[in-house]
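predicted coordinates and the sequence they were generated for:
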Amino acid sequence: MNNRFSIKETLWFGFSTVIDHFAFFIALMLSYLGIIVVGSIAGFALLCLPFSYSIVKIGKTLNTVGITNSEVVKNFLVNSGPAFTICLSALLLLIYFLYRLLSLGMVKIALDFYDDRESKIEKLFSCWRLVARDVVATTLYWLMCAIGFSMLIVPGIYLAITFGFYQYAIVDQNAGVFDSFRKSAQLTTGYKMDIFGLMFLMAIIKWAAVSLFGIALIIVVPAFALSYAYVYRKLLAGAQ
């Protein structure tokens, strides 16, 4: 069944939905950014707390001696450095898991709006059971794309398009890691040039949004999530 989508209609759905529910999406994006920022600051504060005495001591010492001659710095690196590195790595991993959780929630909300279902900001946290699966799938996805781009640009673009709807398959169909890739590959068969055109235009719009000090991203990010939900639903309907 041929169910080609229009790039114009796709972007129109995304941006018009954001405009029609402007207050909701502004609150959604502020919540999204606020959670990431506050969570990161709180995490780093908790991380530094056990090492605060050593850090303060280093700061005072560096005011009077060079870093290469400072025994305090050397002692910190020897005694506390490994523990600090492990804690920092764990914190960054937790922040990444939080980001993936919110990303899944954004997909869920986008699908809700396409399906004309009621959605709430709280749904940002509704897909917590899928986080581990999404982290594995996302890692594999970017690894495949990186290998493709390192060889030639075209294979990277091909892989990015082919498996690009894996996250929507995870959220919408509760697909496993490899099943989500398989479903995405099936959906995009015969539509890769259409999707490439959409992605290219989105890249230009995102670049323009970043040029405006990033403020426009508050609108662009949810609009793109909605646009991808639109394409996903169209392709899914065409595959059935």
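The structure has been received and is ready for your questions.

for this structure, what helix or strand is lowest in average pLDDT?
Within the chain, judged by mean pLDDT, DSSP states H and E, the helix or strand with the poorest mean is helix 52-62; its value is a mean of 52.

what about Thr162, distance to Leu143?
To Leu143, Thr162 is 14 Å away according to CB to CB, to the nearest Å. Where C-beta positions appear, they are placed from N, C-alpha and C, glycine not excepted.

in terms of secondary structure, what does the helix or strand hosting Trp142 contact?
Element membership of Trp142 [criterion: DSSP states H and E] is helix 131-151. Identification of packing neighbours for helix 131-151 by 3 or more CB pairs under 8 Å, 6 or more residues apart in numbering; DSSP states H and E yields helix 81-114, helix 153-162, helix 166-173, helix 177-188.

which elements pack onto the last one?
The one in question is helix 177-188. In terms of contacts (3+ CB pairs under 8 Å, 6+ apart), helix 177-188 is packed against helix 131-151, helix 153-162, helix 166-173, helix 217-239.

nearest to Ile204, of the ones you listed?
helix 217-239 (11.1 Å; CB to CB).

now that closest one: buried residues?
For helix 217-239, a neighbour-count test (16 or more other CB atoms under 10 Å) marks 217-236 as buried.

in the protein, where is pLDDT below threshold?
In the predicted model, the chain carries pLDDT under 70 at residues 1-3, 47-84, 213, 240.

and the residue nearest to the spatial centre of it, how far is that from Ala160?
When CA atoms, centre = their mean is applied to the chain, the residue found nearest the centroid is Ser103 (5.1 Å). Separation of Ser103 from Ala160 (CB to CB) stands at 16 Å.

name the nearest residue to Ser184, sequence neighbours excluded.
Closest residue to Ser184 apart from its sequence neighbours, by CB to CB, 6 or more residues apart in numbering: Phe165 at 4.1 Å.

next one: Val221
Leaving aside its chain neighbours, Val221 sits nearest to Met29 (6.5 Å; criterion: CB to CB, 6+ apart).

is it true that that neighbour touches Phe224?
No: Met29 lies out of contact with Phe224 (CB atoms under 8 Å); the separation is 12.0 Å.

ok, back up a step: of Thr162 and Leu143, who's got more company?
Thr162 (21 against 11; other CB atoms under 10 Å).

pretty sure that one sits against Thr188.
Yes: if you go by CB under 8 Å, Thr162 and Thr188 touch, sitting 5.5 Å apart.

what angle do the helix or strand hosting Ala42 and helix 217-239 make?
Element membership for Ala42 (DSSP H and E) is helix 22-48. Angle of helix 22-48 versus helix 217-239, following axes from the mean of the first three to the mean of the last three CA atoms, to 10 degrees, is 110 degrees.

now for helix 22-48, which elements pack on it?
helix 81-114, helix 217-239.

which one of those helices lies closest to Val154?
Distance to Val154, taken as CB to CB, is lowest for helix 217-239 among the helices and strands packed on helix 22-48, at 21.3 Å.

tell me what that closest one is packed against?
Where contact means 3+ CB pairs under 8 Å, 6+ apart, helix 217-239 is packed against helix 7-20, helix 22-48, helix 81-114, helix 166-173, helix 177-188, helix 192-211.

so what secondary structure elements neighbour the last one?
Spelled out, it's helix 192-211. Contact here means 3+ CB pairs under 8 Å, 6+ apart; on that basis helix 192-211 packs against helix 7-20, helix 153-162, helix 217-239.

right, and these - which one's nearest Ser40?
Closest approach to Ser40 among the helices and strands packed on helix 192-211 is made by helix 217-239 (17.8 Å; CB to CB).
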